[in-house]
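Q: Quick one: sequence plus predicted model below, questions after.
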Amino acid sequence: MASTLINKTMCIEKVLFDLPGKITLKMEDGRMIISPLKYFPDLQKLSVDKRKKHTIVDDRTILFTYSDAVYHLEDFIGLEANWRKR
């Protein structure tokens, strides 16, 4: 059975780098999504201070000041192909 993002209203409230080697997305509904930075090499190369310079766009997209990469909520939950279909 294919996984889909059922709750289309999931919104990123905050991006944290409190855990070594991890990125944490705090969602508006209280859930936390924690992913290893090894899956995001552009972010892994940045210092913690540079990682903290970001903007959340449209509640589901993260732009980092010091990276050209664009990250979507689906990237952090293993559904990176889904955002391209929207």
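A: Ah, there it is. Small disclaimer: the values here were computed from a predicted structure and weren't measured. Numbers count the residues shown, from 1 in each chain.
Q: Would you pull up how far the one helix or strand residue 74 maps to lies from the middle of the chain?
A: Following DSSP states H and E, one finds residue 74 within helix 73-76. From the chain centre to the centre of helix 73-76 is a distance of 5 Å (C-alpha atoms, centre = their mean, to the nearest Å).
Q: Run through the neighbouring helices and strands of it.
A: With contacts defined as 3 or more C-beta pairs under 8 Å, 6 or more residues apart in numbering; DSSP states H and E, helix 73-76 has these neighbours: strand 22-27, helix 80-85. For the C-beta atoms, the positions are set from N, CA and C on the backbone; glycine is no exception.
Q: among the ones you listed, which gets the worst mean confidence?
A: Sorting these by mean pLDDT places helix 80-85 lowest, at a mean of 52.
Q: can you give me the strands for this protein?
A: Here the chain has its strands, by DSSP state E, at 12-16, 22-27, 32-36, 54-57, 61-64, 70-72.
Q: Would you mind listing the buried residues in the first one?
A: Buried residues in strand 12-16, counting neighbours by 16 or more other C-beta atoms under 10 Å, are found at 12, 15.
Q: I'm done for today, thanks for sticking with me.
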